[in-house]
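Student: sharing a model prediction with you, sequence too.
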Amino acid sequence: MMNADPGEEALLRLIEDGVSSSATALAEVSKTNWTTQTVSINADGVESIRSRMASDPKSYYGSYVSMPGATFLMMVPQDRGASLAKAFLGERSVRHGASAPREAECISEIANIVVHAIVNSLAGACDEPFFLSAPQMVLDKKSSLLSVALEKLQSTGESYAVMAYVHLSSDKLSSDCTVLLFLSAAFHERLLQSLS
């Protein structure tokens, strides 16, 4: 559901554009055709998102990337991890004597590509570079992953939060995942000023 404010709508559109463009980046790395589609996106309060996630008992891979004023979290169901990793590796063979990347490493790289595409979309609109941390991977329930993301942001007061449900698919599989963006009030305001 889109917010009526034009700046907020522009911000959500940029996030959707980033999700869409991540398919090209995934294809370049994995040599497999990918489709990424935003199923739903909305800006909401942190507590609203927390209450929605509290009842989900499943385990998720959570990949965190942060920068000053913002934390990004992509969550992938653990039961889809092996299939996604296999699709990401595609037909590439592992060199003789080398072991295949672990499932978590592949999921981390997929999340890194998707988040970087979103960040590049935002940075392009602001006409300035954004420097991200290396991704960190955690396996836990959604509610716990959310708490870690908020600790990483280390902001006081209410943060601006965006939650997007994203559908990832390749030639051989499909999986839904959740992308969360948490912005400090100052960084959120800075983005809106750049977009106005």
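Tutor: Sure thing, it's come through.
Student: wait, Val65 sits on Ile113?
Tutor: No - using C-beta atoms under 8 Å, Val65 is not in contact with Ile113, being 10.7 Å away. All C-beta atoms are positioned from the backbone trio N, CA, C, and that covers glycine.
Student: how about the closest residue to Lys152 other than its chain neighbours, secondary structure?
Tutor: In space, and not counting its chain neighbours, Lys152 is closest to Thr71: 4.7 Å by C-beta to C-beta, 6 or more residues apart in numbering. Following DSSP: H, G, I helix; E, B strand; the rest coil, the label given to Thr71 is strand.
Student: quick check: bridge partners of the closest residue to Val138 other than its chain neighbours?
Tutor: Take Val138 and drop its neighbours on the chain: the residue closest to it by C-beta to C-beta, 6+ apart is Gly62, 4.8 Å away. Under DSSP bridges, the beta-bridge partners of Gly62 are Met75, Val138.
Student: now do the same contact list for Gly62.
Tutor: Counting by C-beta atoms under 8 Å, 6 or more residues apart in numbering, Gly62 touches 73-75, 137-140, 145, 148-149.
Student: just how off-centre is the strand or helix carrying Ser51 within its chain?
Tutor: Element membership of Ser51, judged by DSSP states H and E, is helix 46-53. Relative to the mean C-alpha coordinate of its chain, helix 46-53 is positioned 17 Å out (C-alpha atoms, centre = their mean, to the nearest Å).
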